[in-house]
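>>> Give me a model of this one.
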Amino acid sequence: MDRVALAGGGLMLRGSDVPRMMTRVQATLQRAARAHTPGEPAVYVVSPVGDGDLATARLRHLADIQIEFHSGSARPVIGPSIRMAKRAVRRGLRWYVGPIVAQQTRFNHATVELLERLRLQNEALSAEVERLQADIDHQ
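Below you'll find the model as predicted:
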(Lines give C-alpha, C1' and ligand atoms only; values in the text may rest on other atoms or scores of the structure.)
Protein backbone atom coordinates (compact mmCIF):
# COMPACT_ATOMS: atom_id res chain seq x y z
CA MET A 1 0.00 0.00 0.00
CA ASP A 2 2.98 2.38 0.11
CA ARG A 3 2.53 3.04 -3.64
CA VAL A 4 -1.08 4.26 -3.18
CA ALA A 5 -1.97 7.84 -2.22
CA LEU A 6 -5.21 9.79 -1.95
CA ALA A 7 -5.46 12.50 -4.59
CA GLY A 8 -8.51 14.75 -4.85
CA GLY A 9 -10.84 12.24 -3.26
CA GLY A 10 -9.62 9.33 -5.39
CA LEU A 11 -6.76 6.87 -5.38
CA MET A 12 -3.58 7.54 -7.31
CA LEU A 13 -0.66 5.18 -7.87
CA ARG A 14 2.71 6.78 -7.28
CA GLY A 15 5.22 6.09 -10.01
CA SER A 16 2.63 4.65 -12.39
CA ASP A 17 2.52 5.42 -16.06
CA VAL A 18 -0.98 6.36 -17.26
CA PRO A 19 -0.58 5.08 -20.84
CA ARG A 20 0.77 1.78 -19.53
CA MET A 21 -2.14 1.44 -17.09
CA MET A 22 -4.63 2.26 -19.85
CA THR A 23 -2.99 -0.37 -22.06
CA ARG A 24 -3.42 -2.87 -19.22
CA VAL A 25 -7.08 -1.90 -18.86
CA GLN A 26 -7.64 -2.19 -22.61
CA ALA A 27 -5.86 -5.56 -22.77
CA THR A 28 -7.88 -6.83 -19.80
CA LEU A 29 -11.16 -5.71 -21.39
CA GLN A 30 -10.24 -7.29 -24.72
CA ARG A 31 -9.29 -10.54 -23.00
CA ALA A 32 -12.56 -10.41 -21.07
CA ALA A 33 -14.57 -9.83 -24.25
CA ARG A 34 -13.00 -12.89 -25.88
CA ALA A 35 -13.49 -15.14 -22.84
CA HIS A 36 -16.81 -13.83 -21.48
CA THR A 37 -19.91 -16.00 -21.62
CA PRO A 38 -23.07 -13.92 -22.23
CA GLY A 39 -25.40 -13.77 -19.23
CA GLU A 40 -22.64 -14.73 -16.81
CA PRO A 41 -21.52 -12.02 -14.34
CA ALA A 42 -17.81 -11.34 -14.29
CA VAL A 43 -15.34 -9.16 -12.42
CA TYR A 44 -11.95 -8.28 -13.87
CA VAL A 45 -9.05 -6.84 -11.92
CA VAL A 46 -6.24 -4.81 -13.46
CA SER A 47 -3.09 -5.08 -11.38
CA PRO A 48 -0.91 -1.94 -11.13
CA VAL A 49 2.23 -4.05 -10.82
CA GLY A 50 1.87 -6.53 -13.62
CA ASP A 51 0.25 -9.54 -15.10
CA GLY A 52 -0.61 -12.78 -13.35
CA ASP A 53 0.17 -14.81 -16.47
CA LEU A 54 3.82 -13.80 -16.41
CA ALA A 55 3.90 -13.32 -12.64
CA THR A 56 5.35 -9.86 -13.19
CA ALA A 57 4.82 -8.88 -9.57
CA ARG A 58 6.92 -11.86 -8.52
CA LEU A 59 9.55 -10.97 -11.11
CA ARG A 60 9.65 -7.40 -9.78
CA HIS A 61 10.24 -8.78 -6.30
CA LEU A 62 13.03 -11.03 -7.58
CA ALA A 63 14.59 -8.13 -9.50
CA ASP A 64 15.71 -6.58 -6.21
CA ILE A 65 19.09 -7.95 -5.21
CA GLN A 66 19.55 -8.09 -1.45
CA ILE A 67 23.03 -7.68 -0.03
CA GLU A 68 21.93 -7.34 3.60
CA PHE A 69 21.04 -10.64 5.22
CA HIS A 70 21.66 -12.48 8.46
CA SER A 71 25.04 -14.11 8.80
CA GLY A 72 25.28 -16.82 11.33
CA SER A 73 27.18 -19.78 12.60
CA ALA A 74 25.82 -22.50 14.86
CA ARG A 75 29.22 -23.63 16.11
CA PRO A 76 29.10 -23.58 19.91
CA VAL A 77 32.49 -22.10 20.83
CA ILE A 78 33.71 -20.19 17.79
CA GLY A 79 30.28 -19.21 16.38
CA PRO A 80 30.29 -15.61 17.68
CA SER A 81 33.79 -15.03 16.26
CA ILE A 82 32.74 -16.41 12.85
CA ARG A 83 29.61 -14.19 12.83
CA MET A 84 31.69 -11.12 13.69
CA ALA A 85 34.24 -11.92 10.96
CA LYS A 86 31.47 -12.41 8.36
CA ARG A 87 29.85 -9.14 9.40
CA ALA A 88 33.19 -7.28 9.17
CA VAL A 89 33.90 -8.68 5.68
CA ARG A 90 30.40 -7.77 4.45
CA ARG A 91 30.64 -4.24 5.81
CA GLY A 92 34.11 -3.87 4.35
CA LEU A 93 32.95 -4.94 0.88
CA ARG A 94 29.64 -3.03 0.93
CA TRP A 95 31.21 0.10 -0.60
CA TYR A 96 32.46 -1.99 -3.54
CA VAL A 97 29.51 -4.32 -4.03
CA GLY A 98 26.73 -1.76 -3.32
CA PRO A 99 26.97 0.26 -6.57
CA ILE A 100 27.26 -2.91 -8.67
CA VAL A 101 24.18 -4.41 -7.02
CA ALA A 102 22.24 -1.14 -7.45
CA GLN A 103 23.12 -1.06 -11.16
CA GLN A 104 22.11 -4.70 -11.62
CA THR A 105 18.84 -4.10 -9.75
CA ARG A 106 18.02 -1.14 -12.05
CA PHE A 107 18.76 -3.32 -15.09
CA ASN A 108 16.58 -6.14 -13.71
CA HIS A 109 13.65 -3.76 -13.21
CA ALA A 110 14.10 -2.29 -16.71
CA THR A 111 14.09 -5.82 -18.14
CA VAL A 112 10.88 -6.75 -16.30
CA GLU A 113 9.29 -3.50 -17.50
CA LEU A 114 10.30 -4.25 -21.10
CA LEU A 115 8.95 -7.80 -20.78
CA GLU A 116 5.61 -6.47 -19.61
CA ARG A 117 5.45 -3.83 -22.37
CA LEU A 118 6.22 -6.46 -25.00
CA ARG A 119 3.54 -8.73 -23.59
CA LEU A 120 0.98 -5.92 -23.65
CA GLN A 121 1.99 -4.98 -27.20
CA ASN A 122 1.76 -8.61 -28.29
CA GLU A 123 -1.68 -8.94 -26.73
CA ALA A 124 -2.88 -5.73 -28.42
CA LEU A 125 -1.54 -6.91 -31.79
CA SER A 126 -3.18 -10.32 -31.33
CA ALA A 127 -6.50 -8.65 -30.57
CA GLU A 128 -6.11 -6.46 -33.68
CA VAL A 129 -5.37 -9.53 -35.83
CA GLU A 130 -8.46 -11.26 -34.42
CA ARG A 131 -10.57 -8.17 -35.14
CA LEU A 132 -9.26 -7.94 -38.72
CA GLN A 133 -9.84 -11.66 -39.23
CA ALA A 134 -13.41 -11.28 -37.99
CA ASP A 135 -13.93 -8.35 -40.40
CA ILE A 136 -12.63 -10.46 -43.30
CA ASP A 137 -14.87 -13.37 -42.30
CA HIS A 138 -17.96 -11.11 -42.22
CA GLN A 139 -17.33 -9.78 -45.72
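>>> where does the protein have low pLDDT?
Residues of the chain meeting the criterion pLDDT under 70: 1-20, 23-24, 30-31, 34-39, 41, 44-55.
>>> which residues in it form strands?
4-7, 10-13 (DSSP state E).
>>> what about the nearest residue in space to Ser71 that is not next to it in sequence, distance to Trp95?
The spatial neighbour of Ser71 that comes closest, neighbours along the chain excluded (C-beta to C-beta, 6 or more residues apart in numbering), is Lys86 at 3.9 Å. Backbone N, C-alpha and C define where each C-beta goes, glycine included. Lys86 sits 17 Å away from Trp95, going by C-beta to C-beta, to the nearest Å.
>>> what's the burial count for the closest residue in space to Arg87 that isn't next to it in sequence?
Leaving aside its sequence neighbours, Arg87 sits nearest to Ser71 (C-beta to C-beta, 6+ apart; 5.9 Å). Counted by other C-beta atoms under 10 Å, the residues lying close to Ser71 total 13.
>>> who's in contact with Ser71?
Ser71 sits next to 83, 86-87, 90 when contact means C-beta atoms under 8 Å, 6 or more residues apart in numbering.
>>> Show me the residues you listed that map onto helices.
Counting by DSSP state H, the contacts of Ser71 place 83, 86-87, 90 in helices.
>>> Can you tell me which of the contacts of Ser71 are buried?
Among the contacts of Ser71, none counts as buried by neighbour count (16 or more other C-beta atoms under 10 Å).
>>> Let me have those residues in a markdown table, adding distance to Val43 as columns.
Listed next are the contacts of Ser71 as a markdown table, based on distance: C-beta to C-beta, whole Å:
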| residue | distance to Val43 |
| --- | --- |
| Arg83 | 51 |
| Lys86 | 50 |
| Arg87 | 50 |
| Arg90 | 47 |
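>>> Let me know the closest of these to Val25.
Nearest to Val25 among the contacts of Ser71: Arg90, at 44.3 Å, using C-beta to C-beta.
>>> any idea how far the closest one is from Gly79?
Taken as C-beta to C-beta, the span from Arg90 to Gly79 is 16 Å.
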